[in-house]
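S.K.: fold the following and give me the result.
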Amino acid sequence: MLSSAFSSEVSVKSFFILSGFLIFMSYQNSQSISSYYSKRIRRIYPAYICVILISVMLGAVFTTLSVNQYWALKTIKYLLANLTFLNFLQPELPGFFASNSHSAVNGALWTLKIEVMFYISVPLMVACFNRFGRLPVMALLFLSSVIYSYVLFAMAQSNGSGAFIELQRQLPGQLTFFIVGAAGYYYFEVFKKHVFYLVPIAVLAFVLKVHLPWVVLEPLALGVLVVYFAIIFPYLGNFSKYGDFSYGIYILHFPILQLLIANHLFVDSPVSFITVAAALVLFFSILLWHFIEKPFLRKSSHYVAKQGS
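M.R.: Sure, this is the predicted structure:
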């Protein structure tokens, strides 16, 4: 099965690791806190708003309900909740994807509220680093997140409630991965010096994970692999000169997949389904970058500067 080869859970955790690396770097390279927040808003919000509004418009076209039934309280609630990163309050639109196994319009957006909370907390974390020492504060945050995850997992195991698992994957449950990414940034030279020892150890940890305290070791092992393959792995080409489509791919892929599923396209050919879906996601991500994301970024932004290299 494809789900055994491609894990969305691991992808999300990897996303938070890379986010920790890049967001702390962004903050340290910012002239002020206001400059840092301005960069984060410009990078995230314009494309996010665009995707939410397009989803509502698509819902109006493809809904199985009447016009009056669609443009009702739930649709307004969807707009308000999702535009404020509270998509868990209203993830569905009336009559849109109702026959799909998952009725959420864009199930990937749940991570963005956590990401925004990380953005807000970074200046406070750095202030604590400066006041009490970077490594002790990182260790305390990591340990606190581990304890939170362990307690929630134990509670889920004891009563079988999925609500505890849902709470476990929220903040501060994901903080371990963000902090590991931050450590990758601050101690990058140390990491780079020992990378050829750390990578095999990380791979071995994944092989033996059922025998290890995985809630503690998973962020560390995954962090080693993500930082290595994202930043140190031998150069494969300057693809960023064409634009940074990663964010667009992330916030567009789910509704595009949902549309294909809802219209029963390529149901007998998984390869065709994946090929068409990938092509559509990439195509619309390129459009989103050039017409929405890039125009809102400052010319000094490294996202824009890379295109000239």
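S.K.: Arg40 and Ser26 touch, don't they?
M.R.: Yes - in this structure Arg40 lies within contact range of Ser26 using CB atoms under 8 Å: 7.4 Å. Placement of C-beta: from N, CA and C, glycine included.
S.K.: which residues does Gln168 contact?
M.R.: By CB atoms under 8 Å, 6 or more residues apart in numbering, the residues touching Gln168 are 148-149, 152-153, 156.
S.K.: which residues of the stretch 151-300 of the chain score low on pLDDT?
M.R.: Applying pLDDT under 70 to the stretch 151-300 of the chain flags the ranges 234-240, 300.
S.K.: could you pull out the helices for it?
M.R.: 162-168, 175-186, 188-193, 195-207, 214-227, 246-262, 270-288, 294-296 (DSSP state H, counting those that start in this stretch).
S.K.: please tell me how far Phe296 sits from Cys50.
M.R.: 10 Å (CB to CB, to the nearest Å).
S.K.: out of these two, which sits in the busier spot?
M.R.: Taking neighbours as other CB atoms under 10 Å, Phe296 and Cys50 compare with Cys50 leading, 17 against 14.
S.K.: which element is the more buried one on?
M.R.: Using DSSP states H and E, Cys50 maps to helix 33-62.
S.K.: if we can go back for a sec, and the helices of the stretch 151-300 of the chain: which comes nearest Thr64?
M.R.: Across those, Thr64 has its closest neighbour in helix 246-262 (9.8 Å, CB to CB).
S.K.: run the angle between the closest one and helix 33-62 for me.
M.R.: Calculated by axes from the mean of the first three to the mean of the last three CA atoms, to 10 degrees, helix 246-262 forms an angle of 20 degrees with helix 33-62.
S.K.: now what about helix 246-262, what contacts it?
M.R.: Under CB under 8 Å, 6+ apart, the answer for helix 246-262 is 15, 43-44, 47-48, 51, 55, 58, 62, 97, 99-102, 104-109, 112, 266, 273, 276-277, 280-282, 284-286, 288-289, 293.
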